[in-house]
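Peer 1: sequence unavailable; structure follows:
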């Protein structure tokens, strides 16, 4: 497969504008205070499917599958609660689990594995832990310890209505929203 024949994509939920602005400011803080800039390459999001390669000529098939998922899911509330970490290099805003979010992720998982036959993804032993990453790659172990000491007791509470599945595409430098698929089960 030639590099020009495919692109990298991932599927996510993106909060409303106010929360995106607030969390983007936190990402900027981590970039300046702790030299962790990689999270600036994408809008704050909850990953529903990790990055995958997809052929350009099959984009219509991918869009059809995402429309099918979106049409099978009604909008729902997502609660963001406090901060968490994956040691030794990731700090995030935690997402409160819900039946609706788990159901959506299971629909995505099934569609990608069974109908899209996406085999380059690791589905075994992959538990869904919804979160919004603020700092990761580039965060040294030393800076992680400093940053986690600062954020582990901080409180954060917000919520938004998940209204769209967002397909993001890597442009060679950063992730951009390729397409949004409205959730609309009646």
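Peer 2: Thanks, I have the structure now. What you see is a predicted model, and the numbers here were worked out from it, not measured in a lab. Residues are numbered from 1 along each chain as shown.

Peer 1: max-length helix in this structure?
Peer 2: Using DSSP state H to define each element, the chain has its longest helix at helix 17-34.

Peer 1: after that helix, next one along is what?
Peer 2: Next along the chain after helix 17-34, taking DSSP states H and E as the criterion, comes strand 46-55.

Peer 1: may I see the buried residues of that following strand?
Peer 2: If you call a residue buried by 16 or more other CB atoms under 10 Å, then strand 46-55 has these buried ones: 46-49, 52, 54. Every residue, glycine included, has its C-beta placed from N, CA and C.

Peer 1: on that earlier part again, average pLDDT across the longest helix of the chain?
Peer 2: Averaging pLDDT along helix 17-34 gives 97.

Peer 1: buried stuff in that helix?
Peer 2: 19-20, 23, 26-27, 29-31, 34.

Peer 1: could you say what helices and strands it packs with?
Peer 2: With contacts taken as 3 or more CB pairs under 8 Å, 6 or more residues apart in numbering; DSSP states H and E, helix 17-34 sits against strand 90-95, strand 131-135, helix 141-151, strand 157-162.

Peer 1: for residue 40, which of those is the nearest?
Peer 2: Residue 40 lies closest to strand 131-135 among those, at 9.9 Å (CB to CB).

Peer 1: adjacent strands (with direction) for that closest one?
Peer 2: strand 90-95 (antiparallel) (DSSP bridges).

Peer 1: which parts of the strand it pairs with are buried?
Peer 2: Going by neighbour count (16+ other CB under 10 Å), the buried part of strand 90-95 is 90-95.

Peer 1: and those residues, which is closest to residue 113?
Peer 2: If you rank those by distance to residue 113 using CB to CB, residue 95 comes first, at 22.6 Å.

Peer 1: hey, what's that closest one bridged with?
Peer 2: Applying DSSP bridges to residue 95 gives these bridge partners: residue 80.

Peer 1: so who does it touch?
Peer 2: Listed by CB atoms under 8 Å, 6 or more residues apart in numbering, the contact partners of residue 95 are 46, 78-81, 101, 130-132.
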